[in-house]
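Q: pasted the sequence and its predicted model underneath.
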Amino acid sequence: MKKSLILFAAFVFTMGAASAQTTTQNEMGQMQRPMRGQGMRNMTPEQRADQQAQRLTKQLSLSADQTTKVKSLALAQQQERQTMRTQASADRQAMMQNMKASHDKYEEQLKGILTSDQYTKYTQMRDERMNKMQDKLQDRKGKKGKMKASTNG
């Protein structure tokens, strides 16, 4: 009786730990872990644009008129990106060029909406965010390299 109770408890704890580490498959059948930003994928372009406008309004102290313009600009950009994603072709290089052109157009239009001080602050925040993402990417690459080296040796 005690053995079966201990085995049952061990089984329950094992299943709890295993379910906490579940992975999902994306559209291509590749395994992936649940991510913090997973909710962003399920958002509509309108929701993304609204979130982006709210973030910029808060960070840059935008006026009501600027907020409206930024929101409509962000909505246009998000809808364009959504279209690009659905038309994703095998030519990844071309898609990346289209995305970059779209981003450059957005940046130019945003520059016309913001004051020079706001745009300077925006570019600083954007650059900091990019540096942070690159650092995370380098950390991931470094960890993968160490794991490969330790498993091969």
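A: That came in fine, so what should we check first? Note that this is a predicted model, so its numbers are computed, not measured.
Q: C-alpha only now, for contacts and for neighbours.
A: OK.
Q: my guess is Gln78 contacts Pro45. True?
A: Yes - in this structure, Gln78 is within contact of Pro45 by C-alpha atoms under 8 Å, at 5.1 Å.
Q: quick one: buried residues of the longest helix along the chain?
A: Taking DSSP state H as the assignment, the helix of the chain that covers the most residues is helix 116-152. Applying a neighbour-count criterion of 16 or more other C-alpha atoms under 10 Å, one finds Gln118, Tyr119, Tyr122 buried in helix 116-152.
Q: now that helix: mean pLDDT?
A: The pLDDT scores in helix 116-152 average 83.
Q: check which helices and strands it sits against.
A: Under the contact definition 3 or more C-alpha pairs under 8 Å, 6 or more residues apart in numbering; DSSP states H and E, helix 116-152 sits against helix 45-60.
Q: and the helix it packs on, what's its mean pLDDT?
A: If you average the pLDDT over helix 45-60, you get 93.
Q: extract the C-alpha trace of it and format it as CSV.
A: Extracted C-alpha coordinates of helix 45-60, given in CSV (Å, rounded to 0.1, in the frame of the first residue of the first chain):
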residue,chain,number,x,y,z
PRO,A,45,-3.7,44.9,-36.7
GLU,A,46,-6.1,47.3,-35.1
GLN,A,47,-5.1,46.0,-31.6
ARG,A,48,-1.4,46.2,-32.4
ALA,A,49,-1.8,49.8,-33.8
ASP,A,50,-3.7,50.8,-30.7
GLN,A,51,-1.1,49.3,-28.4
GLN,A,52,1.7,51.0,-30.3
ALA,A,53,-0.1,54.4,-30.2
GLN,A,54,-0.7,54.1,-26.5
ARG,A,55,3.0,53.2,-25.9
LEU,A,56,4.3,56.1,-27.9
THR,A,57,1.7,58.5,-26.3
LYS,A,58,2.9,57.5,-22.9
GLN,A,59,6.6,57.5,-23.7
LEU,A,60,6.7,60.7,-25.8
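Q: many thanks, I have nothing further to ask.
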